[in-house]
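S.K.: turn this into a structure:
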Amino acid sequence: MRRSRQLPLAAAAALPLVAELRWRRTGQPPSDRWRRVPVRPREGCLLGVSYRPLQAKALGLVPEAVLRRAVELPFEIVRLGAYWSRLEPRPGAFEPQELDHAMDQVEAAGKQVVLAVGAVKTFGYPEFFVPPHRLTAPIPEGTLVTARSHPELAAAAQDFVGRVVDRYRKRSCICAWQVEHEALDPLGVEHSWRLAREFVTAEVAAVRALDPHRPILMNGFVPTSTAVRLTQAWRTRGQGDSLAAALGLADLVGLDIYPRSAALAAGGHSLYLDGEGLPWNRVPWSRLQRLARTRGQRLVVSEGQAEPWERQTVPPDPAGRVPYSCPPERLILNYNRALGPPGGPPLVFAYLFWGLEYWLRREASGDPSYLAALARLMAES
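M.R.: Just a heads-up that it's a prediction; the model follows:
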């Protein structure tokens, strides 16, 4: 009898996982659905985009040309990254000319800047931008990186963050500083080491000491499927995940939302995790909103999925096909869901689209549909 009871319980526990799986052909025929899906009015929500120079290069684009397009598009916000290894390419060097130029471009266009000051992790693959001369040995897997375990790295990280803030704090275009990227989470799927909360807290303190008036943004990955939620809970056990850190340390809580992603691929098909809209996935989102509101914080979608998440690091650009994880219409649908139902106030203060470089890659390949979907969203929202 005991075994017979366990089987229904196991089946019930597995139901959410099964309901969120999709086995689909990776490359789908293009459609014009992006022309017809409703667009949710933004009602004061600021819109923006992240500029990723390394992603531009990986997609065969010229970063400077991508930046020009970023400031030409009708966004209010552009997120820029202060990549430590690029600003400090060798011992004793500090070469901010590339970032200076990007700041000049965005400022001249009359837009606001969210500046991600790092130091260890910054948005854009591979997320880890510590200069080699600042880390003489690889961080062992499974390590919790603290000021005690890595004192030289901690001191250098605080110094770098302070140096970046000190250089740019007089720029009126900066609307927020971002400290670390998904600060307490392991480094993607490549590494299992994590930054300790006290390591990040010291960086936040360094920023606030130099600029106590501008808000600090910290972001975290929002699980949109049961498999991801369970994995994240296990990998961040002990000190909580990056959203917990953001709720405790930041003024703006950044949400990285990817409703549909590929878990594995075989023979032109992929297995996708897609828990969007299922009732059990609404509870964490509602709790996050409630906590932020209680603490007087504002929510920002720091990464709203607007490009594919397939098995390869660089999103695929198949001729005459669109990846199932994010066809053009999902650029609009993901935005709609994050802002909430029409008629009420937006659930987030700002929404930053993640995918600028991919849209331009598709345009260069003869498919302007992602940019056209964006243009329609901007015109009708």
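
S.K.: and Ala116, what helix or strand is that in?
M.R.: strand 112-118 (DSSP states H and E).

S.K.: which residues are in contact with that strand?
M.R.: 46, 48, 76-84, 103, 106-107, 122-123, 129, 157, 160-161, 164-165, 168, 171, 173-181, 207, 217, 302, 352 (Cβ atoms under 8 Å, 6 or more residues apart in numbering). Any C-beta I mention is one placed from the backbone N, CA and C, and that applies to glycine too.

S.K.: what's the following helix or strand after it?
M.R.: Using DSSP H and E, the helix or strand that follows strand 112-118 in sequence is strand 144-145.

S.K.: circling back to that earlier point, sheet-wise, list the partners of the strand holding Ala116 with their directions.
M.R.: According to DSSP bridges, strand 112-118 forms sheet pairs with strand 77-81 (parallel), strand 174-179 (parallel).

S.K.: among those strands, which comes closest to Ala319?
M.R.: strand 77-81 (30.2 Å; Cβ to Cβ).

S.K.: residues contacting that closest one, please?
M.R.: 46-52, 70-71, 99, 102-103, 106, 111-116, 118, 122-124, 175, 178, 302, 350, 352.

S.K.: which intervals of the chain have sub-threshold pLDDT?
M.R.: 1-14 (pLDDT under 70).

S.K.: if we go to 90?
M.R.: For the chain, the stretches flagged by pLDDT under 90 are 1-19, 125-126, 136, 187-192, 223-238, 275-291, 293-294, 312-313, 341-344.

S.K.: and the spatially most central residue of it, how far from Gly254?
M.R.: Centroid check for the chain by Cα atoms, centre = their mean gives Glu303 as the closest residue, at 3.7 Å. Here Glu303 is placed at a distance of 8 Å from Gly254 (Cβ to Cβ, to the nearest Å).

S.K.: which residues do those two both contact?
M.R.: Between them, Glu303 and Gly254 share the contacting residues Asn219, judged by Cβ under 8 Å, 6+ apart.

S.K.: the residue lying closest to Ala58 once chain neighbours are set aside: what's it in contact with?
M.R.: Nearest residue to Ala58 in three dimensions, chain neighbours excluded: Val314, at 4.9 Å (Cβ to Cβ, 6 or more residues apart in numbering). Contact partners of Val314, counting by Cβ under 8 Å, 6+ apart, are Gln55, Ala58, Leu59.

S.K.: quick check, the last one in contact with Glu357.
M.R.: Yep, that's Leu59 we're talking about. Yes. Taking contacts as Cβ atoms under 8 Å, Leu59 lies within contact range of Glu357: 5.3 Å.

S.K.: of those two, who's got more company?
M.R.: Using other Cβ atoms under 10 Å, the more surrounded residue of Leu59 and Glu357 is Glu357, with 29 against 20.

S.K.: with only the CA atoms kept, save the one helix or strand Thr231 maps to in CSV.
M.R.: Using DSSP H and E, Thr231 sits in helix 226-235. Provided in CSV are the C-alpha atoms of helix 226-235 (Å, rounded to 0.1, in the frame of the first residue of the first chain):
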residue,chain,number,x,y,z
THR,A,226,10.3,24.2,-12.6
ALA,A,227,13.5,22.6,-13.8
VAL,A,228,15.4,25.9,-13.7
ARG,A,229,13.9,26.9,-10.4
LEU,A,230,15.0,23.7,-8.7
THR,A,231,18.5,23.9,-10.2
GLN,A,232,18.9,27.5,-9.2
ALA,A,233,17.7,26.8,-5.7
TRP,A,234,20.3,24.0,-5.4
ARG,A,235,23.2,25.9,-6.9
